[in-house]
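> Kindly generate the corresponding structure for this input.
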Amino acid sequence: MSDARSSLAIALFSEILAADQMTRNRLSKVLPKGMELSHFSVLNHLARANAERSPAQLAQSFHVTRGAMTNTLSKLEWAGYVHIRPDWDDARRKMVAISPAGRQARDNALTAVAPMFAGVLDDLGEDKIRAVLPLLRELRAKLEEDR
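Modelled structure (predicted):
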């Protein structure tokens with residue numbers, strides 16, 4: 001790879017990583033007390049899917065280990081935000097569903113983060129956001145492909 005191409009790649013990923021870190025920090029500060037970003041992410045995923053998922057499916061969706069997902073799900077279950085039941089077809093597996101309390105916690109978190117998201121849209125402009133989304137989606141798909 002030429003120096004110019006290498007510098008371009010490093011600049012791209014440096015910006016993405018910096019934006020990711022700053023976004024995570026800002027989200028952590030506005031999420032409801034006791035809710036971690038991983039909790040919000042799983043609750044949001046389950047609420048949007050509106051269907052049960054196995055812990056393995058969730059781990060794959062979030063690109064984390066099964067152990068990490070089990071830890072997150074244990075905390076969510078303890079808080080009453082998810083229900084975990086045996087899979088009726090395969091007793092070795094479990095299935096996870098969002099509870100009414102989990103849906104409420106997710107809705108409260110969305111309300112808390114909405115002003116931050118709206119501020120970014122206002123500052124950058126909706127047209128710029130719409131223009132960059134296809135590129136970001138393509139980049140994500142490429143990175144998932146290479147896993």
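
> Just the pLDDT for residue 113.
Predicted confidence (pLDDT) for residue 113: 93.

> pretty sure it contacts residue 29?
No: in this structure, residue 113 is not within contact of residue 29 by CB atoms under 8 Å, at 10.0 Å. Every C-beta, even on glycine, is put in place using the N, C-alpha and C of the backbone.

> what about those two, which has more around it?
residue 113 (17 against 10; other CB atoms under 10 Å).

> so who does the more buried one touch?
Residue 113 makes contact with 27, 30-31, 40, according to CB atoms under 8 Å, 6 or more residues apart in numbering.

> so where's this protein uncertain?
Counting by pLDDT under 70, the ranges of the chain that qualify are 147.

> let's see 90
Residue ranges of the chain with pLDDT under 90: 1-4, 32-34, 87-92, 143-147.

> would you list every one of the helices in it?
Applying DSSP state H to the chain gives helices spanning 3-30, 37-49, 55-62, 66-78, 100-124, 126-145.

> tilt between the last one and helix 100-124?
It stands for helix 126-145. On the basis of axes from the mean of the first three to the mean of the last three CA atoms, to 10 degrees, helix 126-145 is oriented at 120 degrees to helix 100-124.

> Could you report the distance from residue 134 to residue 140?
Per CB to CB, to the nearest Å, residue 134 is found 11 Å from residue 140.

> Pull out the buried residues from stretch 38-47.
Neighbour counts over stretch 38-47 (16 or more other CB atoms under 10 Å) mark 38-43, 45-46 as buried.

> cool, stretch 101-114 as well?
Going by neighbour count (16+ other CB under 10 Å), the buried part of stretch 101-114 is 102, 105-106, 109, 112-113.

> Take the residues you listed and lay them out in CSV including distance to residue 89.
Shown next, in CSV, are the buried residues of stretch 101-114 (distance: CB to CB, whole Å):
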residue, distance to residue 89
102, 24
105, 29
106, 28
109, 32
112, 38
113, 37
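
> Quick check: the two most widely separated of the residues you listed?
102 and 113 (16.3 Å; CB to CB).
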